[in-house]
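S.K.: structure for the following, please:
(one chain, ligands or ions: 1)
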Amino acid sequence: MFTVLILGGTGEARRLAVALRPGPRVVTSLAGRVARPVLPPGEVRVGGFGGAAGLAAYLTAERVDVVVDATHPFAARMSGNAAEAAATTGVPLLVLRRPGWTERPGDRWHRVPDLPAAAGAVAGADRVFLTTGRRGLPAFAHLTRPWFLVRSVDPPESPVPPRMATLLDRGPFTVAGETALLRDHAIEVVVTKDSGGEMTAAKLTAARDLGLRVVMVDRPPLPPGAVAVPTVEAALAHLTRATPGPRRSCTCGS
Ligand code: NAP
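M.R.: Just a heads-up that it's a prediction; the model follows:
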């Protein structure tokens, strides 16, 4: 049976698994970072493969016909491993990557290349809303001046900044809710990765409306030569027309 491996951990990965049914065998792979993940339909496997070589072995053992890298735009190691494993096995790879956010009139964005640079950009601030994920907190742990409101899906683990409060929550968020949150905590600056998408974009609108500064962490680049599409619909169209070849062909979403 035609087998699609989706490297997941995003809403797009879940929506693609839904869109592919009925039709091929769909296996979604999750890293296992979130305690209670929202599960997609179809088969789900959890945990690392053991690097690019481990993923290549998995592709061969499971007779995978196509890999869709639908991981988060900041999951650069997994994307690199997927590109390497696809190259060594000859299994076609499609990257499903939502576009980043675009600055609009009224925005006060400060783009930085990585989390350490984001920490440098907020070192002198007093009240910071940090939405870069609990695993990014060590980059801010040395900062003693700012008070951080940290929002994450699961509780943070040390090292964390000395002055912080945690808000456990997961999107989608509303502009009204984000505006109230920023106001209630007297936030001066918002720190975010350029994740893109609608689920977490409301904080940017709220920050613009309140005239707050946003420190925007740039995305890591895609692996060289990656074939990438921006939407689930484009991924489905690509899989339907581009996968017949020497292997079995896909009746994706039929
Ligand atoms: P990463 O740094 O690129 O990956 C580190 C290692 O975790 C990989 O080498 C791989 O281990 C394993 N891994 C990552 N994604 C996997 C997947 N979908 N299935 C199986 N193993 C996976 O990734 P990350 O930034 O820690 O993100 C982990 C997961 O969380 C990703 O699936 C991503 O989509 C999701 N996520 C990440 C972010 C973010 O900001 N980074 C935000 C939201 C969701 P092996 O080398 O052993 O195979």
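
S.K.: would you map the helices across the stretch 51-200 of the chain?
M.R.: Read by DSSP state H, counting those that start in this stretch, the stretch 51-200 of the chain holds these helices, from start to end of the chain: 51-61, 76-89, 115-122, 175-184.

S.K.: what's the closest of those to the ligand?
M.R.: With C-beta to the nearest ligand atom as the criterion, the ligand lies closest to helix 76-89 of the helices of the stretch 51-200 of the chain, at 3.4 Å. C-betas here are computed from N, CA, C, even on glycine.

S.K.: for residue 30, see how far away the residue nearest in space to the middle of the chain is.
M.R.: Most central residue of the chain, judged by C-alpha distance to the mean C-alpha position with C-alpha atoms, centre = their mean, is residue 72 at 2.2 Å. Residue 72 is 11 Å from residue 30, where distance means C-beta to C-beta, to the nearest Å.

S.K.: overlap in contacts of these two?
M.R.: residue 9 (C-beta atoms under 8 Å, 6 or more residues apart in numbering).

S.K.: show the contacting residues for the nearest residue to residue 136 once chain neighbours are set aside.
M.R.: For residue 136, the nearest residue in space outside its immediate sequence neighbours is residue 115; the separation is 5.0 Å by C-beta to C-beta, 6 or more residues apart in numbering. Contacts of residue 115 were listed using C-beta under 8 Å, 6+ apart, and they are 132, 136, 139-140, 217.

S.K.: interface residues of the chain facing the ligand?
M.R.: If contacts are counted using C-beta under 6 Å from any ligand atom, the residues of the chain sitting beside the ligand are 7-10, 29-31, 33, 48-51, 54-55, 71-72, 74-78, 81, 133, 193.

S.K.: thinking again about what came up before, buried ones only from the contacts of residue 115, please, as a ChimeraX command.
M.R.: Buried subset of the contacts of residue 115, written as a ChimeraX selection, criterion 16 or more other C-beta atoms under 10 Å:
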select :132,136,139,140,217
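
S.K.: of the contacts of residue 115, which is the nearest to residue 104?
M.R.: Minimum distance to residue 104 across those is 18.2 Å, recorded for residue 217 (C-beta to C-beta).

S.K.: tell me, how many residues neighbour the residue nearest to that closest one when sequence neighbours are not counted?
M.R.: Take residue 217 and drop its neighbours on the chain: the residue closest to it by C-beta to C-beta, 6+ apart is residue 193, 4.6 Å away. Residue 193 is flanked by 23 other residues according to other C-beta atoms under 10 Å.

S.K.: for the one 4 residues further on, same thing?
M.R.: Counted with other C-beta under 10 Å, residues neighbouring residue 197 total 17.

S.K.: so what does the nearest residue to it once chain neighbours are set aside have for phi and psi?
M.R.: The shortest distance from residue 197 to any non-neighbouring residue, by C-beta to C-beta, 6+ apart, is to residue 98 (4.8 Å). Per-residue torsions, residue 98: phi -70, psi 150 (degrees, to the nearest 10).

S.K.: can you pull the contacts of residue 98?
M.R.: 10, 12, 73, 195-197, 230-231.

S.K.: relative to residue 215, how far out is the residue nearest to residue 139 when sequence neighbours are not counted?
M.R.: Across the structure, with C-beta to C-beta, 6+ apart as the measure, the residue nearest residue 139 apart from its sequence neighbours is residue 115 (3.8 Å). Using C-beta to C-beta, residue 115 is found at 10 Å from residue 215.
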